[in-house]
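Trainee: Mind looking at a prediction? Sequence and model below.
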Amino acid sequence: MNADPAIDVRNVTFHYGQRRALNNVSFDVRTGEFFALVGPNGGGKTTLFRLLSTLVPLQQGEVEMLGFEARDHAGEIRARLGVVFQAPSVDQKLTVRENLHHQGHLYGLGGHELRQREEEMLAELGLSQRANELVEKLSGGLRRRVELAKGMLHRPQVLLLDEPSTGLDPGARNDLWAFLERLRQSDGITILLTTHLLDEAGRADRVAIIDEGALVALDTPDSLKATVGGDTITIETDDPRSLAADIKERFDLAGTVIGDSVRLERPDAHRWITELVEAFPGRIRAITLGKPTLEDVFIARTGHRFWADGAALDDSDARSTIVS
Amino acid sequence: MAHAIADSIDSPHSVSRGRAAQVIGTLCWREWVRFVRQKNRVFGAIGQPAIFWVLFGAGLGPTFRLPEEQAASLSYREYFFPGTVILILLFTAIFTTISVIEDRREGFLQSVLVAPISRWSMVLGKLVGGGTIALAQGLVFLLIGMTFGLRFTLLSLVLSVVFLAIAALALTALGFVFAWRTDSTQGYHALMSVVLFPMWLLSGAFFPAASGWLAWVLAINPLTYVVAGFRRLLYVGVDHPPLPAELPSMATCWTVSLLFAAITFGLSVYVAGRPSSGNLS
């Protein structure tokens, strides 16, 4: 394993016309790491993905991948990089094998080596039986496997995946993660994926949370969860806004309104359950106690930021609905 | 670069890039496979010009007269023939370059754009693929013309194939430039109706023009020289060929056609190398 980062992102800012999609984002991904980039849709992670995949050129800031500056050495990076886009990139009018064959040619593979590699990837992803079928005849889950086979065909050192579990059922999603984990073990590959599913991101080594173009958190899932003030109490109620206000007045506890519930974080959360139920008889439909999740981290990080800006509870409410 | 060590032989990762010939070959082959699997495209590209040729030949034939005495023997069907072949090239070029828009929409283009290949080889792969399909269709129609009584010498056929290959490449490149900048097939169809089809109409393919503003439009239209060059090549080795007197010389036709192909190819590489907002959708 290499001590140098596989991906080094420094002060990257990106605009689409007037709109700022990324604001001074910096982070690194270690060699051999399984790294998840999470955030709500429209938060900037797809823009970051396009920059990392060399699909769009950098505007401000630098990206270094495997020791090569993206600005001047995109070709070097491309040769070592596997990319699985969210939008399908397979040619539907070609068979599975033909798709792999063309992909191999674009990466300089040919002859016996390419045929052998095709068979390996087909077998690895359970596509051998379907190799000669047109991709348009395959189900969504199988097409995604073809995408993976395409991205891995040339044995990249870094694999980028944009929302790879979109459109997959839970079983297929598990298979995907098991496959990626296996790849990492066998090839020592560095994996970066984006997802808007926070529970899924929890399986990665480290998680970067991107919101409104800025990096709001970066650490291991456990460390991130530990930063939340303790366990969470979720109270389901008919009028969450007034209940949150009353809790604030009575106990001086700041709660977050999410949908039709109020969420509180307390180190001694279990002690507060009886306290709260007795204090507000008839107003609580259900009350649950839970360990902090990455969703709590997200709410905590983005929520605090809004409070720091002097915005009221209303704003955090609007933010929270995005993840709920 | 210190990290180049990571690419040493014992690494499970390989580092290689698509060589230009390999990239051009594979993208060209892909065009052919897609073309053959979409049979309606074959009928679309040959059918309409063939119908034009037969119907206009029959309808306009009795009233068509070239002003010169030497060309008086030329029937309209024969006059219209070279233009019809060029129209087939144009239609096929349009149909194959529409796939640029489809490739983008279906996502295939993304994976090509992040592959370690040069942009010009990607463009040339697409153009050679589209161009050879167009050329093949043009040649099929040339054979159809022979069954209708048109006669060519061997030399004329060989030169025609070379000339049509240049024309096919130029027209495919022209279509590529438009397609790359267009984000929907509907938008491309509009361009086709307003720009590409009138360009053909005003190329001397459909009617000659010896004077007036039409003659000027014809003179600045590069397609005029493509049609005229092919028209001349059809009569290589024939004494007193039935050609309109105002037709540009053979040398001019070759020069303009080659320039036309070089410029449209250059433009294709140029537009494909620029960041396109279409790549972001």
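Mentor: Everything's here; your move. Numbering: from 1, shown residues only, chains lettered A, B, ... in the order given.
Trainee: pLDDT score for residue A:137?
Mentor: On pLDDT, residue A:137 comes in at 93.
Trainee: One more: residue B:20?
Mentor: Residue-level pLDDT assigned to residue B:20 equals 88.
Trainee: Who's the closest spatial neighbour of it, skipping the chain neighbours?
Mentor: Closest residue to residue B:20 apart from its sequence neighbours, by C-beta to C-beta, 6 or more residues apart in numbering or on different chains: residue B:121 at 4.2 Å. For glycine as for every other residue, the C-beta is placed from the backbone atoms N, C-alpha and C.
Trainee: And for residue B:254?
Mentor: The spatial neighbour of residue B:254 that comes closest, neighbours along the chain excluded (C-beta to C-beta, 6+ apart), is residue B:229 at 6.3 Å.
Trainee: Distance of the one you found relative to chain A?
Mentor: 35 Å (C-beta to the nearest C-beta, to the nearest Å).
Trainee: which ones are touching that residue?
Mentor: Residue B:229 makes contacts with B:163, B:248, B:250, B:253, B:254, B:256, B:257, as judged by C-beta atoms under 8 Å, 6 or more residues apart in numbering or on different chains.
Trainee: What of residue B:176?
Mentor: Contacts of residue B:176 were listed using C-beta under 8 Å, 6+ apart, and they are B:97, B:100, B:123, B:126, B:127, B:130, B:264, B:268, B:271, B:272.
Trainee: farthest pair in these?
Mentor: The distance between the two most remote of those (C-beta to C-beta) is 15.5 Å, for B:130 and B:271.
Trainee: quick one on the thing from earlier: cross the contacts of residue B:229 against helices and list the overlap.
Mentor: The members of these that map onto helices under DSSP state H are B:163, B:250, B:253, B:254, B:256, B:257.
Trainee: Enumerate every residue touching residue B:203.
Mentor: Contacts of residue B:203 (C-beta under 8 Å, 6+ apart): B:83, B:86, B:218, B:221, B:223, B:224, B:226, B:227.
Trainee: Kindly recompute the last result at 7 Å.
Mentor: Counting by C-beta atoms under 7 Å, 6 or more residues apart in numbering or on different chains, residue B:203 makes contact with B:218, B:221, B:223, B:224, B:227.
Trainee: burial measure for the second one, as a count.
Mentor: Right, residue B:221. By the measure other C-beta atoms under 10 Å in any protein chain shown, the count of residues near residue B:221 is 19.
Trainee: Repeat that for residue A:253.
Mentor: A count of nearby residues for residue A:253, using other C-beta under 10 Å, gives 16.
Trainee: next one: residue B:211
Mentor: 9.
Trainee: Next one: it relative to residue B:246, how far apart?
Mentor: For residue B:211, the distance to residue B:246 equals 9 Å [C-beta to C-beta, to the nearest Å].
Trainee: got it, and residue A:47?
Mentor: Distance, residue A:47 to residue B:246, by C-beta to C-beta: 57 Å.
Trainee: same deal with residue A:159?
Mentor: According to C-beta to C-beta, residue A:159 stands 63 Å off from residue B:246.
Trainee: neighbour-wise, which of those two wins?
Mentor: residue A:159 (22 against 16).
Trainee: What sits closest to the more buried one if chain neighbours are left out?
Mentor: Excluding the flanking residues, the one nearest residue A:159 by C-beta to C-beta, 6+ apart is residue A:82, at 4.4 Å.
Trainee: do residue A:136 as well
Mentor: residue A:92 (3.9 Å).
Trainee: what helix or strand does that neighbour sit in?
Mentor: For residue A:92, there is no enclosing helix or strand under DSSP states H and E.
Trainee: does residue B:244 count as helix, strand or coil?
Mentor: coil (DSSP: H, G, I helix; E, B strand; the rest coil).
Trainee: can whichever strand or helix holds residue B:111 be found next to chain A?
Mentor: In the assignment (DSSP H and E), residue B:111 maps to helix B:108-113. Yes: using C-beta under 7 Å from any C-beta of the partner chain, helix B:108-113 reaches chain A at B:108, B:110, B:111, B:112, B:113.
Trainee: ok, these vs residue A:264, which is closest?
Mentor: For the residues of helix B:108-113 next to chain A, the residue nearest residue A:264 by C-beta to C-beta is residue B:110; the value is 44.3 Å.
Trainee: wait, isn't the closest one in contact with residue A:85?
Mentor: Yes: counting by C-beta atoms under 7 Å, residue B:110 does reach residue A:85; the two are 5.2 Å apart.
Trainee: who's in contact with the nearest residue to residue A:219 once chain neighbours are set aside?
Mentor: Leaving out its chain neighbours, the residue that sits closest to residue A:219 by C-beta to C-beta, 6+ apart is residue A:206, at 6.4 Å. Under the criterion of C-beta under 7 Å, 6+ apart, the neighbours of residue A:206 are A:33, A:35, A:218, A:219, A:220.
Trainee: do residue A:166 as well
Mentor: The contact partners of residue A:166, by C-beta under 7 Å, 6+ apart, come to residue A:86.
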